[in-house]
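K.L.:
with the input below, show me the fold.
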Amino acid sequence: MSSVLVVGYDPQAIPGVDGPALHAALDAELVRFGEHGIDAAMTLIVFDESADPTLVTSLSERPWDVVVIGGGIRKAEQLLPLFEQIVNLVRRYAPQAAIAFNTSGGDSVEAAQRWL
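P.N.:
You can find the predicted model right below:
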């Protein structure tokens with residue numbers, strides 16, 4: 001079974017966003033992975049000192065086939081340093097994994113499938 005790690009920005013850390021609703025949508029996307037026969041996990045991070053250790057732990061958990069980096073991290077200009085940090089950590093701790101990008105939390109399956 002293929003394995004995918006989705007890396008997203010923690011919705012609880014986004015001012016003015018309905019965190020629980022967004023988190024429910026992300027959980028629904030994990031269910032969709034299962035419906036496609038893909039074993040997936042999600043790591044939600046924030047732009048602080050916890051980002052590195054949180055992501056390294058997830059990347060080191062198992063050999064991932066694909067790491068999907070969420071649009072919430074990639075699209076926000078103020079998160080560019082975090083995006084670069086994530087890409088470099090993926091290269092270092094999961095060099096065998098393809099890197100994919102979604103446009104929203106609702107198309108992570110399709111992003112991963114481009115590389116599976």
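
K.L.:
and the pLDDT at the residue lying farthest from the centre of the chain?
P.N.:
No residue in the chain sits farther from the centre than Gly16, which is 21.2 Å out by Cα atoms, centre = their mean. In this model, Gly16 is scored at 78, pLDDT.

K.L.:
quick one, longest helix in the protein?
P.N.:
helix 19-35 (DSSP state H).

K.L.:
all the helices of the chain, residue numbers only.
P.N.:
So, for the chain - with DSSP H - the helices run 19-35, 51-60, 71-74, 80-93, 108-113.

K.L.:
and the second one, C-alpha only, in PDB?
P.N.:
Backbone C-alpha positions of helix 51-60 (Å, rounded to 0.1, in the frame of the first residue of the first chain) are rendered in PDB as follows:
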ATOM      1  CA  ALA A  51       8.000  23.200  13.300                       C
ATOM      2  CA  ASP A  52      11.300  21.300  12.800                       C
ATOM      3  CA  PRO A  53      11.000  18.700  15.500                       C
ATOM      4  CA  THR A  54       7.300  18.000  14.700                       C
ATOM      5  CA  LEU A  55       8.000  17.500  11.000                       C
ATOM      6  CA  VAL A  56      11.200  15.500  11.500                       C
ATOM      7  CA  THR A  57       9.300  13.100  13.800                       C
ATOM      8  CA  SER A  58       6.600  12.600  11.200                       C
ATOM      9  CA  LEU A  59       9.100  12.300   8.300                       C
ATOM     10  CA  SER A  60      11.100   9.700  10.200                       C
END
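
K.L.:
quick one: buried residues of stretch 92-101?
P.N.:
Tyr93, Ala94, Ala97, Ala98, Ile99, Ala100, Phe101 (16 or more other Cβ atoms under 10 Å). To be clear about C-beta, it is placed using only N, CA and C from the backbone, and glycine gets the same treatment.

K.L.:
how about CSV for the residues you listed, with pLDDT and distance to Val7 added?
P.N.:
Below are the buried residues of stretch 92-101 laid out as CSV (pLDDT from 0 to 100; distance: Cβ to Cβ, whole Å):
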residue, pLDDT, distance to Val7
Tyr93, 97, 12
Ala94, 97, 11
Ala97, 98, 11
Ala98, 98, 13
Ile99, 98, 10
Ala100, 97, 10
Phe101, 96, 10
